[in-house]
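> Just a sequence and a predicted model for now, questions to come.
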Amino acid sequence: MSETVENPTRADRRHDDMVRIEGGSFTMGSNDHYPEEKPAHKVRVDAFRIDRHAVTNRDFARFVAATGHVTQAEKPADAADYPDADPAMLVPASVVFVPPPGRVDLRNHYHWWQYIPGADWRHPRGPDSSLDGLEDHPVVHVAYADALAYAKWIGKDLPTEAEWEFAAKGGRDGTEYAWGDELVPDGKHMANTWQGEFPWELKPEDGYAWTAPVGSFEPNGYGLYDMIGNVWEWTADWYQDHGRIQQHSCCTLENPRGAERDASLDPRDPARIPRRVMKGGSHLCAPNYCRRYRPAARMAQPVDTSTCHVGFRLVVRG
């Protein structure tokens, strides 16, 4: 992928293709699905702007050309951070989904995730792949630090989990999905998710077997694209249980943030990698596995880990 690149300034690019969300109150989390979503609780967020779609390969290429940024996946890992690791695993690499040939034990994700040397944002499926034709797909293989570096360069920030979830609902509160209570209303696919039996049988009835160009599905009620499916998205919040957020509060939480650090980690264990919240699900979410194609869904992602199904979008507050 090649193009003439100019470094946008904070003033002339910061609000490009963003949607203003006026803020308000909503029910965050869910009592009906995965344990980490409980308990549902009332939250209020102030006004903010959010990107209409996830940051694309085209966007990220401009950033890299302007700054020379090298992503975490493109650098060898520091052996001091991983004292028990096989040195052969410390080369530049990232995590790629590789479907198994048949049914496997879903309790072991190593059946379909592989740590592949040479996989990075320019080579999303491995060293022999490229971005040809993927310019408008969401950038992937970006670790938390890479997303934050892009945000600082363009003068924005990563959303809090609460901001992200409020925006994803699109003005709906109380429905199962961002668009209503049916996953595929009248047979119409509303997001890029997995059809078939995960992880081995893919029937791309929604038109996409991998990521889709941003904006390929209908926007939500706020005019935001792909808040559900396609790729997971980083948020600014350290991961913690919703119950910990609520334990000292009986009322609506105002602009909540995650813990000051990953509260689930044992500080005496230096091998544990802290985690941030990611939201939205991805093209790998399926009815038989990871039903996280809902605004309330959430997962903890290690900050050092980049994968082929995690990207990001940004906000400007005020």
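It's in.
> roughly how far is stretch 102-116 from the heart of the chain?
Relative to the chain's own centre, stretch 102-116 is displaced by 20 Å; criterion: CA atoms, centre = their mean, to the nearest Å.
> any idea how far the closest residue to His53 other than its chain neighbours is from Lys203?
Taking CB to CB, 6 or more residues apart in numbering, and ignoring the residues beside it in sequence, His53 has Val214 as its nearest neighbour in space, at 3.8 Å. Quick note: C-beta positions are derived from backbone N, CA and C, even for glycine. Noted for Val214: a distance of 23 Å to Lys203, by CB to CB, to the nearest Å.
> neighbour-wise, which of these two wins?
Shown here are Val214 and Lys203; by other CB atoms under 10 Å, Val214 has more neighbours (24 against 10).
> Please, which helix or strand holds the more buried one?
Following DSSP states H and E, there is no helix or strand that holds Val214.
> what residues are up against it?
Val214 sits next to His53, Ala54, Thr56, Asp136, His137, Pro138, Tyr225, Asp226, Asn230 when contact means CB atoms under 8 Å, 6 or more residues apart in numbering.
> How confident was the prediction at it?
Note for Val214: predicted pLDDT of 98.
> How much space separates it from Val95?
22 Å.
> so Pro101 sits right up against Trp200, yeah?
Yes: Pro101 lies in contact with Trp200 (CB atoms under 8 Å); the separation is 6.6 Å.
> Give me the contacts around the lengthiest strand in the chain.
The longest strand of the chain (DSSP state E) is strand 232-238. Residues from elsewhere that reach strand 232-238 (CB under 8 Å, 6+ apart): 54, 142, 144, 147, 157-161, 163-164, 227, 257-263, 274-282, 299, 301, 309-313.
> Which ones among the residues you listed map onto helices?
When those are checked against helices (DSSP state H), the matches are Tyr144, Ala147, Glu161, Glu163, Trp164.
> and Asp146, what does it touch?
Contacts of Asp146 by CB under 8 Å, 6+ apart are His69, Thr71, Gln72, Trp121, Ser306.
> Distance-wise, check the residue nearest to the spatial centre of the chain relative to Val316.
With distances taken as CA atoms, centre = their mean, Glu233 lies nearest the centre of the chain, 1.6 Å away. Distance, Glu233 to Val316, by CB to CB: 16 Å.
> Repeat that for Trp194.
The gap separating Trp194 from Val316 is 33 Å, by CB to CB.
> about what we covered before: between Pro101 and Trp200, who's got more neighbours?
Using other CB under 10 Å as the criterion, Pro101 and Trp200 rank with Trp200 on top: 14 against 6.
> Quick one: the strands in the protein, in order.
Remark: strands assigned in the chain by DSSP E are 18-21, 24-28, 41-45, 48-51, 93-97, 113-117, 232-238, 253-254, 275-279, 298-302, 310-311, 315-317.
> tell me the most buried of those?
strand 310-311 (a mean of 29; mean count of other CB atoms under 10 Å).
> Show me what that one is packed up against.
Applying 3 or more CB pairs under 8 Å, 6 or more residues apart in numbering; DSSP states H and E, one finds that strand 310-311 contacts strand 232-238.
> CA atoms only: put the strand it packs on into PDB for me.
What follows is strand 232-238, C-alpha atoms only, in PDB (Å, rounded to 0.1, in the frame of the first residue of the first chain):
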ATOM      1  CA  TRP A 232     -12.600  -5.800  19.000                       C
ATOM      2  CA  GLU A 233     -11.600  -2.300  20.100                       C
ATOM      3  CA  TRP A 234      -9.300  -1.200  22.800                       C
ATOM      4  CA  THR A 235     -10.600   1.100  25.600                       C
ATOM      5  CA  ALA A 236      -8.600   3.200  28.000                       C
ATOM      6  CA  ASP A 237      -9.800   1.300  31.100                       C
ATOM      7  CA  TRP A 238      -7.800  -1.200  33.100                       C
END
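> Run the chain-centre distance for that strand.
A distance of 7 Å separates the centroid of the chain from that of strand 232-238, by CA atoms, centre = their mean.
> in the stretch 151-300 of the chain, which ranges drop under the pLDDT threshold?
245-250, 260-271 (pLDDT under 70).
> let's see it at 80
For the stretch 151-300 of the chain, the stretches with pLDDT under 80 are 243-250, 258-272.
> Am I right that His189 is in contact with Ala212?
No: if you go by CB under 8 Å, His189 and Ala212 don't touch, sitting 10.4 Å apart.
> Which residues are in contact with each of those two?
Residues touching both His189 and Ala212 (CB under 8 Å, 6+ apart) are Asp206.
> which residues in the stretch 1-150 of the chain form helices?
Counting by DSSP state H, counting those that start in this stretch, the stretch 1-150 of the chain has helices at residues 10-13, 57-67, 144-154.
> Just name the most buried of those helices.
Ranked by average neighbour count under the criterion mean count of other CB under 10 Å, these are headed by helix 144-154 at a mean of 21.
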